[in-house]
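A.B. asks: Structure for this input, please:
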Amino acid sequence: MARAFCIPGIIFLLCATVLSFLVSISLPFLPALDIARTHFPGTALVNGQIVDELRFGVWAQCTYTSSDDRICAQAQHAYSVSISNTRKDSGVIIGSSWTRGLAIHPVATAVTFIAFLLSFSTHVTITLISSVVSFLAALITLIAFAVDIALYAFLKHEAGNVNDVRANTKTAPGFWLTFVSLILLLLAGCTVCFGRRRDRMAGASSPAYPMSSTKKRPFWQRFRRN
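C.D. replies: Numbering: from 1, shown residues only. So this is what the prediction gives:
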């Protein structure tokens with residue numbers, strides 16, 4: 001494959017693998033890489049405790065108090081969170097059905113890593129497989145990003161419906177890292193695919209046999225005496 005296309009493809013896949021891996025760790029292990037967060041200026045109870053901020057990660061949620069104390073739940077797959085006002089007469093529940101799909105992030109990371117390993121091969125068939133796996137990883141990452149969007153939209157809607165609670169829901173760094181990883185995977189798949197096509201065209205345009213360096217004489221000069 002042409003080196004001009006091979007090296008950028010490897011770089012794109014490397015960056016996508018690192019970003020996807022960091023998002024897959026998420027809360028409670030990397031507090032800064034959550035998917036969505038909601039700010040409550042001391043007006044809400046989350047799981048029975050007054051908090052100022054609630055963050056949603058892949059494996060757990062974390063809450064922050066006014067004194068910047070962080071409390072994270074135990075890491076698990078598919079968790080639920082209850083939000084209510086301080087009088088407990090109005091509240092909502094973010095059920096496990098909205099956080100269960102976040103576990104697709106590690107799957108996207110694994111497929112991206114496989115595509116990254118395959119991109120080092122110069123074999124035509126392996127190169128084609130690398131391109132296909134890159135697009136597969138992009139598809140899985142797109143599904144993970146759709147899950148993130150659904151969680152953010154549902155959290156924003158539900159938190160705003162709690163009476164006497166001033167909620168400000170925003171997307172978090174993990175949300176945007178997933179989006180960047182998706183773009184990098186699409187670029188990597190196209191780069192590897194175009195590099196393979198360019199390599200095939202270069203091979204087809206090269207002559208199968210070397211051209212003879214002897215110049216042919218016109219037929220009428222064959223009858224002239226040397």
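A.B. asks: Ser131: neighbour count?
C.D. replies: The number of residues packed around Ser131, counting by other Cβ atoms under 10 Å, is 24. The way it works is simple: take the backbone N, C-alpha and C, and place the C-beta from them, glycine included.
A.B. asks: in a strand, that's where it is, yeah?
C.D. replies: No. Under DSSP: H, G, I helix; E, B strand; the rest coil, Ser131 sits outside any strand and is assigned helix.
A.B. asks: Tell me if I'm right that it and Gly189 touch.
C.D. replies: Yes. Using Cβ atoms under 8 Å, Ser131 is in contact with Gly189, at 5.4 Å.
A.B. asks: Let me know the pLDDT of Ala2.
C.D. replies: We have a pLDDT of 45 for Ala2.
A.B. asks: now the one 3 residues further on
C.D. replies: pLDDT for Phe5: 52.
A.B. asks: Ok, the one 5 residues further on next?
C.D. replies: The per-residue pLDDT reported for Ile10 equals 87.
A.B. asks: contacting residues for it?
C.D. replies: Neighbouring residues of Ile10 by Cβ atoms under 8 Å, 6 or more residues apart in numbering: Phe116, Ser119, Phe120.
A.B. asks: Quickly list what Phe56 is bridged to.
C.D. replies: Taking DSSP bridges as the rule, Phe56 bridges to Ala36, Gln61.
A.B. asks: correct me, but it touches Leu27?
C.D. replies: Yes. Counting by Cβ under 8 Å, Leu27 is a contact partner of Phe56 at 7.4 Å.
A.B. asks: ok, the two, which is more surrounded?
C.D. replies: Ranked by neighbour count (other Cβ under 10 Å), Phe56 and Leu27 place Phe56 first, with 28 against 24.
A.B. asks: The more buried one and Ile94, how far apart?
C.D. replies: The gap separating Phe56 from Ile94 is 8 Å, by Cβ to Cβ, to the nearest Å.
A.B. asks: list residues touching both of those two?
C.D. replies: With contacts defined as Cβ under 8 Å, 6+ apart, the residues shared by Phe56 and Ile94 are Val81, Leu155.
A.B. asks: by contact count, what packs against whichever strand or helix holds Ser84?
C.D. replies: For Ser84, the host element (DSSP states H and E) is strand 81-85. If you count contacts as 3 or more Cβ pairs under 8 Å, 6 or more residues apart in numbering; DSSP states H and E, strand 81-85 packs onto strand 36-46, strand 49-56, strand 91-94.
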